[in-house]
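> please work out how this folds:
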Amino acid sequence: MENPFLKFHHFGLAVRRPREAEIYLRHLGYRVGEFVFDPAQNVRLAMCVHDMQPAVEIVSPGQGSGPIDAFVQRHASGIVYHLCYETSDLPSALRVLEEAGLNAICISPPQPAPLFAGQKVSFYNIIGIGLIEVLETVSPKT
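The predicted structure is shown next:
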């Protein structure tokens, strides 16, 4: 069953050293946005976009402990650790996953994200798949 409420947005790349990731992505033709700090997740983030390739979010640890520490410890060279999807209807998107027999465990409930101008993001572990981020977009008023 297709989920009409989820649209692919970006890959999340967890790295210890964001400078190397930035150089690599620029070399591939990506435009790298400004790095922002997200205090709720204690990470530094930059969105990288390309005219013909999927978007990539560079995620690196802040000071002290944070949610990506285990990823960057186990994968010193970096790792794609989440897929992000956007939705304008989070409850329906989660319901369709459940109806498909997928167990989506909430890891982090919706909260404003500095990288996305305060739009809310949440994280879910999809059993058998891995971590997804869901970006709640605002539906245009008609």
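
> once you drop chain neighbours, what's closest to Ser108?
Phe123 (4.2 Å; C-beta to C-beta, 6 or more residues apart in numbering). To be clear about C-beta, it is placed using only N, CA and C from the backbone, and glycine gets the same treatment.

> send the alpha carbons of the helix or strand hosting Glu22 over as CSV?
Assessed by DSSP states H and E, Glu22 sits inside helix 18-27. Extracted in CSV, the C-alpha atoms of helix 18-27 (Å, rounded to 0.1, in the frame of the first residue of the first chain):
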residue,chain,number,x,y,z
PRO,A,18,31.3,18.2,9.0
ARG,A,19,34.0,20.1,7.0
GLU,A,20,35.0,16.9,5.1
ALA,A,21,31.3,16.1,4.3
GLU,A,22,30.9,19.7,3.1
ILE,A,23,33.9,19.5,0.8
TYR,A,24,32.8,16.2,-0.6
LEU,A,25,29.2,17.4,-1.3
ARG,A,26,30.4,20.6,-2.8
HIS,A,27,32.7,18.6,-5.1
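
> give the other helices and strands that that helix contacts.
Helices and strands touching helix 18-27, as assessed by 3 or more C-beta pairs under 8 Å, 6 or more residues apart in numbering; DSSP states H and E, comprise strand 31-32, strand 43-49, strand 55-61.

> and those: which comes nearest Val15?
Checking the helices and strands packed on helix 18-27 against Val15 by C-beta to C-beta gives strand 55-61 as the closest, at 5.4 Å.

> wait, the residue nearest to Ser108 touches Leu135, no?
No - using C-beta atoms under 8 Å, Phe123 makes no contact with Leu135, being 10.7 Å away.

> rewinding a little: how distant is the helix holding Glu22 from the center of its chain?
Helix 18-27 sits 18 Å away from the centroid of its parent chain (C-alpha atoms, centre = their mean, to the nearest Å).
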